[in-house]
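Peer 1: Fold the following.
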Amino acid sequence: MEDTFDENFQSPTRSRSESSRVNADDVPERGLPRRASVLQMMARPFVVADHADLSSNYDDFSTIDWARDTATELNRKRTTLRAKPWWLKVFDAGSGWILMSLIGMSCGLAAGLIDIGAEWLSDMKEGVCSRAFWLSRKQCCWAEDATDLNHACALWHEWGDGHGVGYASAYFAYLAFALLFAWICAVLVRQLAPYAAGSGIPEVKTILSGFIIRGYFDGWTLVVKATGMVLAVAAGLSLGKEGPLVHVACCCGNVFCHFFEKYRTNEGKRREVLSAASAAGVAVAFGAPVGGILFSLEEVSYYFPHKTMWRAFFAALVATVVLSNLNPFLSGKLVKFSVEFDYPWHWFELLPFALLGVFGGLYGAAFNQANILWCRVRKTTWLRRYPITEIVFITFVTALLAFPNSLTRLSTGELIAKLFAECDPRDTTPVCSWEGSDIAGLLILACLFKAVITVFTFGMRIPSGLFVPTMAVGATMGRAVGLAMEHIIHKHATSNYITQVCPEIETCVTPGLYAMVGAAAALGGVTRMTVSLVVIMFELTGGLTYILPLMVGVLVSKWVGDAINPYGIYDRHIQLNGYPFLENKDTFEHASIAKDVMQPGDGADNPLVFIAMDGCTLDRLEGLVDEDTHSGYPLVLSATHRQVAGYILRKDLLKALDVISEQEDITSATNVSFVQPEDTFSQAVERPSQQGVIQLHHIVQKNVFQVADSTPMTTVVELFRRMGIKQAMVTREAQLVGIISKKDVIRHMAYMDKRTVDVGFN
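Peer 2: Numbering: from 1, shown residues only. Predicted coordinates for the structure are as follows:
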């Protein structure tokens, strides 16, 4: 998503006319109305607007205030909800579960349609059903029970017979359809919904942490994302639809949130829904509802309370039930590569499992670095201006090199299914037998091809997931290792140890298990997922027997990857795009204090900008917003006594000034008050100075977090993480001396870890 956002995003500017304000000397003196008492006029300030009018939704590319949204929800329950009838209260209490039901059903339906469409168009590159062109090969040949690609099907017409001219025509048809699908996908994304590009997981993580990206989860993005996933997968590109399903699920959640007031008007509450929706997305992607919940908790969610976990569980359950009833693959399974192994593993196999973990960690670190370098080249060079040309070229290279290899010619899901499959002792197909075939070379070539081409594919301006192509890389290597182990066992079948641990030599080694461990290790090395990844792979196999090999492969992969670079691919893309994401899994153990990070620092040339309550006039506020573009301003008692009294957002102040500009009898010398006025008659008599005062107490945020300048940054970092605040006031002896924003914390953590980071948004 590096091209989507404007890196030079500026703070809100003033929209009102500068000529609407007149000087105090230019306004003629006007008498008071005859029937107005003096005491009433002395106690009557100019009230600008109600709080709800000024404190509206957050600006685009800004960060929400979690504490403010929590207070807003509590206030809604105390005031608005209490006045409603009982049946509306019951509906409000159950609205979260109703919303989860809608999200689960929509996710299951979307995933099923995407699976059916992708399989149909993928098969179209190789042939067409003569009975009905809209049927995939499996649907077309279902009556003949000839769904295996190695068997002929009378109803299925292939573009070529695989020899001579037929091979050339099949090759040409494969290339033509791949280019057509990729071009349509690229045009749809570029012209209709640029936010539909990429996997979406880096942006989902950032948005769930409190960042605002308007339009990223809207209905139009949902439609283009789903359609683009079908076309991109059908084009044969080295990408998957599993990662983008998280984005699709969040789009469904955001669309349905608009039908419920408490989620439509509260960004904090909406993020609880999106966290649960992301779990449903992974659940339908892998047929793993429990793994989806853990994925949301471990990888994408920033705030995951207990009730959100239960709602995520319910949404994932509904989504998987809907998908299973659709049965998109006509197999009764939720994914193509769901398998069941019948043979156990042995302890001597832990060594090759650990070696596959080492491979996964090394591959993950190398892939992450190479992909980030290429994305930076794409972002900073002329390639950025020609995304469609890049997509078509990469598609051409992929199809040109993939077709000659019988493994890479398959869709990535079909390839993984073949590699995961358990071999019958009598099975002599290439992926099940090391002897008398060139399967070893095909597997190594497929592994290298997928590993290299995915570097250039992931991050293009089309929907592109990373889970399945990464699993394909690990699965091809794992299958090769499994076949090699099988060959070694057969060669030493007469040794005493082998005969003791393997009574039946033909079933001693399961190459499909090695492929699964390799897939998990590679995916763990790229994403640095651990617990959720093991559970997802466990749900794919449906057996507890294979958890230990998966754990060994994933743990070793993470150890090796973290030793090279501790950040997964999604975190690296967040850093590349400059999103203000504060990782809650990082540890900060440095000895710096708040004074070292606050802005402006001690001895800085630029002074601290604030609003003083004492003697504040309209002219001072106008001069402040004209000369300073900060997103907000601290409110202190006076310039000499800087006790913090609150915080004022720039956008709220600009709206207030716009309203003031429309009122009469207000000059630039009019005083401004930020203290809520008293309503009693006696208090009005005691405070005659309130005559003609502009009242702006509605735009003041009172829940301001303050830290002493000697506070350790470990405490400050935890404050920002756990409370989700946007900024903290730094005080010395109760006097304001600086401000620490979320961006300051992110930059300081990167600086102390000797990393470079560019936070490009507010």
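
Peer 1: shaky segments in the protein?
Peer 2: 1-57, 143-152, 161-164, 424-430, 432-437, 543, 677-691, 760-762 (pLDDT under 70).

Peer 1: any chance you could map the strands in it?
Peer 2: For the chain, applying DSSP state E gives strands covering 46-47, 127-129, 156-158, 611-612, 632-636, 644-649, 672-673, 694-695, 706-708, 727-732, 735-741.

Peer 1: Pretty sure residue 105 is one of the things residue 319 touches, is it not?
Peer 2: Yes - counting by C-beta atoms under 8 Å, residue 105 is a contact partner of residue 319 at 7.4 Å. To be clear about C-beta, it is placed using only N, CA and C from the backbone, and glycine gets the same treatment.

Peer 1: Settle it for me: which of these two has more neighbours?
Peer 2: Neighbour comparison, residue 319 and residue 105: the larger count goes to residue 319, with 35 against 18 (by other C-beta atoms under 10 Å).

Peer 1: Quick test: name the residue nearest the centre of the protein.
Peer 2: In the chain, the residue lying closest to the centroid (C-alpha atoms, centre = their mean) is residue 204, at 1.9 Å.

Peer 1: what sits against that residue?
Peer 2: 246, 247, 250, 274, 278, 300 (C-beta atoms under 8 Å, 6 or more residues apart in numbering).

Peer 1: how about a cut-off of 6 Å?
Peer 2: Neighbouring residues of residue 204 by C-beta atoms under 6 Å, 6 or more residues apart in numbering: 246, 250, 300.

Peer 1: Now rank these by neighbours and give me the top one.
Peer 2: Among the contacts of residue 204, residue 250 has the most neighbours (other C-beta under 10 Å), with 32 neighbours.

Peer 1: can you give me the helices in the stretch 301-450 of the chain?
Peer 2: Applying DSSP state H, counting those that start in this stretch to the stretch 301-450 of the chain gives helices spanning 306-326, 350-380, 387-402, 412-420, 439-457.

Peer 1: Make JSON lines out of these and add distance to residue 506.
Peer 2: Output for these, formatted as JSON lines (distance: least, C-beta to C-beta, whole Å):
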{"stretch": "helix 306-326", "distance to residue 506": "34"}
{"stretch": "helix 350-380", "distance to residue 506": "19"}
{"stretch": "helix 387-402", "distance to residue 506": "33"}
{"stretch": "helix 412-420", "distance to residue 506": "19"}
{"stretch": "helix 439-457", "distance to residue 506": "18"}
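
Peer 1: Single out the most deeply packed of these.
Peer 2: helix 412-420 (a mean of 25; mean count of other C-beta atoms under 10 Å).

Peer 1: Residues contacting it, please?
Peer 2: 336-337, 339, 407, 431, 468-469, 471-472, 475, 479, 512, 515-516.

Peer 1: Could you tell me how many residues sit around residue 88?
Peer 2: 11.

Peer 1: What of residue 656?
Peer 2: 22.

Peer 1: try residue 666
Peer 2: That count, for residue 666 with other C-beta under 10 Å as the rule, works out to 18.

Peer 1: Check residue 84 too.
Peer 2: Counted with other C-beta under 10 Å, residue 84 comes out at 11.

Peer 1: Find the nearest non-adjacent residue to it, please.
Peer 2: residue 92 (7.6 Å; C-beta to C-beta, 6 or more residues apart in numbering).

Peer 1: Next up, the contacts around residue 287.
Peer 2: 334, 335, 338.

Peer 1: Just want the phi and psi numbers for the first one.
Peer 2: Listed backbone geometry of residue 334 is phi -90, psi -20, with angles given as degrees, to the nearest 10.

Peer 1: before we move on, back to that, quick one: the residue nearest to residue 84 and residue 253, what's the gap?
Peer 2: For residue 92, the distance to residue 253 equals 18 Å [C-beta to C-beta, to the nearest Å].

Peer 1: Which one's more surrounded, these two?
Peer 2: Taking neighbours as other C-beta under 10 Å, residue 92 and residue 253 compare with residue 253 leading, 30 against 17.

Peer 1: The more buried one touches residue 277, doesn't it?
Peer 2: Yes - Residue 253 lies in contact with residue 277 (C-beta atoms under 6 Å); the separation is 3.3 Å.

Peer 1: Next, show the common contact partners of those two.
Peer 2: In contact with both residue 253 and residue 277: residue 103, using C-beta under 6 Å, 6+ apart.

Peer 1: Burial check on the nearest residue to residue 88 once chain neighbours are set aside, number of neighbours?
Peer 2: Counting by C-beta to C-beta, 6+ apart, residue 88 lies nearest to residue 81, which is 7.9 Å off, once chain neighbours are set aside. By the measure other C-beta under 10 Å, the count of residues near residue 81 is 16.

Peer 1: again, but for residue 727
Peer 2: Residue 727 has 23 neighbours, counted by other C-beta under 10 Å.

Peer 1: measure it to residue 512 for me?
Peer 2: From residue 727 to residue 512 the distance is 53 Å (C-beta to C-beta).

Peer 1: Could you do residue 326 as well?
Peer 2: Where residue 512 is concerned, residue 326 sits at a distance of 26 Å (C-beta to C-beta).

Peer 1: if I read this right, residue 480 contacts residue 441, doesn't it?
Peer 2: No - using C-beta under 6 Å, residue 480 makes no contact with residue 441, being 9.5 Å away.

Peer 1: how about the helices in the stretch 1-150 of the chain?
Peer 2: Using DSSP H, counting those that start in this stretch, helices in the stretch 1-150 of the chain cover 38-42, 51-54, 66-78, 86-124, 137-140.

Peer 1: As a markdown table, those helices with distance to residue 447 would be great.
Peer 2: Below are these laid out as a markdown table (distance: least, C-beta to C-beta, whole Å):
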| stretch | distance to residue 447 |
| --- | --- |
| helix 38-42 | 84 |
| helix 51-54 | 59 |
| helix 66-78 | 44 |
| helix 86-124 | 21 |
| helix 137-140 | 26 |
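
Peer 1: for the ones you listed, which one ends up most surrounded?
Peer 2: helix 137-140 (a mean of 22).

Peer 1: quick one: terminal-to-terminal distance for stretch 187-203?
Peer 2: End-to-end distance of stretch 187-203 (C-alpha to C-alpha, to the nearest Å): 22 Å.

Peer 1: Just give me the closest of the contacts of residue 204 to residue 448.
Peer 2: If you rank those by distance to residue 448 using C-beta to C-beta, residue 246 comes first, at 28.6 Å.

Peer 1: distance of the closest one from residue 284?
Peer 2: The gap separating residue 246 from residue 284 is 10 Å, by C-beta to C-beta.

Peer 1: next one: phi and psi at the residue nearest to residue 608 when sequence neighbours are not counted?
Peer 2: What sits nearest to residue 608 in space, not counting adjacent residues and going by C-beta to C-beta, 6+ apart, is residue 600, at 5.8 Å. The phi/psi pair for residue 600 (degrees, to the nearest 10) reads phi -80, psi 150.

Peer 1: Test my guess that residue 364 contacts residue 527.
Peer 2: No - Residue 364 lies out of contact with residue 527 (C-beta under 6 Å); the separation is 7.7 Å.

Peer 1: Would you format the strands of the chain as a markdown table with distance to residue 754 included?
Peer 2: Below are the strands of the chain laid out as a markdown table (distance: least, C-beta to C-beta, whole Å):
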| stretch | distance to residue 754 |
| --- | --- |
| strand 46-47 | 53 |
| strand 127-129 | 56 |
| strand 156-158 | 57 |
| strand 611-612 | 38 |
| strand 632-636 | 31 |
| strand 644-649 | 33 |
| strand 672-673 | 46 |
| strand 694-695 | 50 |
| strand 706-708 | 25 |
| strand 727-732 | 25 |
| strand 735-741 | 21 |
